[in-house]
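Participant: can't give you the sequence, but here's the structure:
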């Protein structure tokens with residue numbers, strides 16, 4: 001019984017194979033083409049058309065497909081744009097900053113003690129004092145006659161400082177005052193100095209504060 005069942009199954013399988021081969025042969029002879037095969041061919045042909053001006057035979061060292069060449073070309077483009085956009089406007093300030101840094105050590109880093117400032121301002125009346133602390137600290141107590149320009153507003157408000165005067169700058173921290181001095185010297189051509197110690201040193205020297 002088992003052998004007969006196996007025989008029937010084998011015969012059925014052989015019939016299916018024969019039928020499939022016959023259909024394939026008839027399709028081939030009749031010129032029929034499976035639509036899926038046609039679509040695949042079209043896609044392949046379209047991809048080939050994109051590269052008709054291909055890079056076949058081009059040396060890899062100079063090929064535009066080479067990543068290193070792409071990066072180099074991009075870097076050259078960026079560099080050129082930066083120079084064209086910034087060189088004219090920044091070269092003058094770079095020269096001024098260079099002069100400022102080279103002369104700083106020889107000029108005591110543009111720092112004046114309270115006693116030095118008092119002596120200089122007594123001998124020369126052309127001094128302005130700038131307090132770059134926040135307005136709240138300025139209102140609590142400041143050096144008489146000082147103009148309050150918080151450090152973050154110095155560029156936009158430096159026009160408040162009278163022209164033609166030397167400038168003494170103070171803050172709660174001398175490092176902030178040094179930044180202001182460099183800004184004034186480089187960007188406004190002012191003869192500016194750090195009034196070292198600020199309000200604390202002023203009071204320690206026995207000088208009064210204004211409110």
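Facilitator: Received the coordinates, thanks. For clarity, every value in this text was computed on a predicted model and none was experimentally measured.

Participant: what segments of this protein are strands?
Facilitator: For the chain, the strands defined by DSSP state E occupy 111-112, 127-131, 147-148, 166-170, 192-195.

Participant: out of the ones you listed, which comes closest to residue 159?
Facilitator: Judged by Cβ to Cβ, the one of these that comes nearest to residue 159 is strand 147-148, at 11.0 Å. C-beta here means a position set from N, CA and C on the backbone, and glycine is covered the same way.

Participant: contacting residues for residue 186?
Facilitator: For residue 186, the contacting residues are 93, 96-97, 100, by Cβ atoms under 8 Å, 6 or more residues apart in numbering.

Participant: for this protein, just list every one of the helices.
Facilitator: 2-30, 35-50, 67-104, 114-123, 135-140, 154-157, 174-187, 198-204 (DSSP state H).

Participant: domain parsing for this protein?
Facilitator: 1-33, 105-204 (automatic domain parsing).

Participant: picking that back up, could you dump the strands of the chain into a markdown table with mean neighbour count and distance to residue 140 added?
Facilitator: Output for the strands of the chain, formatted as a markdown table (neighbours: other Cβ atoms under 10 Å; distance: least, Cβ to Cβ, whole Å):
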| stretch | mean neighbour count | distance to residue 140 |
| --- | --- | --- |
| strand 111-112 | 19 | 23 |
| strand 127-131 | 22 | 11 |
| strand 147-148 | 16 | 11 |
| strand 166-170 | 25 | 14 |
| strand 192-195 | 26 | 18 |
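
Participant: can I get the ones you listed in a markdown table with distance to residue 159?
Facilitator: Below are the strands of the chain laid out as a markdown table (distance: least, Cβ to Cβ, whole Å):
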| stretch | distance to residue 159 |
| --- | --- |
| strand 111-112 | 24 |
| strand 127-131 | 12 |
| strand 147-148 | 11 |
| strand 166-170 | 13 |
| strand 192-195 | 15 |
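
Participant: quick check, residue 127 in contact with residue 116.
Facilitator: No. Residue 127 lies out of contact with residue 116 (Cβ atoms under 8 Å); the separation is 11.8 Å.

Participant: where does pLDDT dip in this protein?
Facilitator: Where the chain drops to pLDDT under 70, the residues are 1-89.

Participant: and with 80 instead?
Facilitator: 1-90 (pLDDT under 80).

Participant: ok, back up a step: out of the strands of the chain, which comes closest to residue 178?
Facilitator: Of all the strands of the chain, it is strand 192-195 that lies closest to residue 178, at 5.5 Å by Cβ to Cβ.
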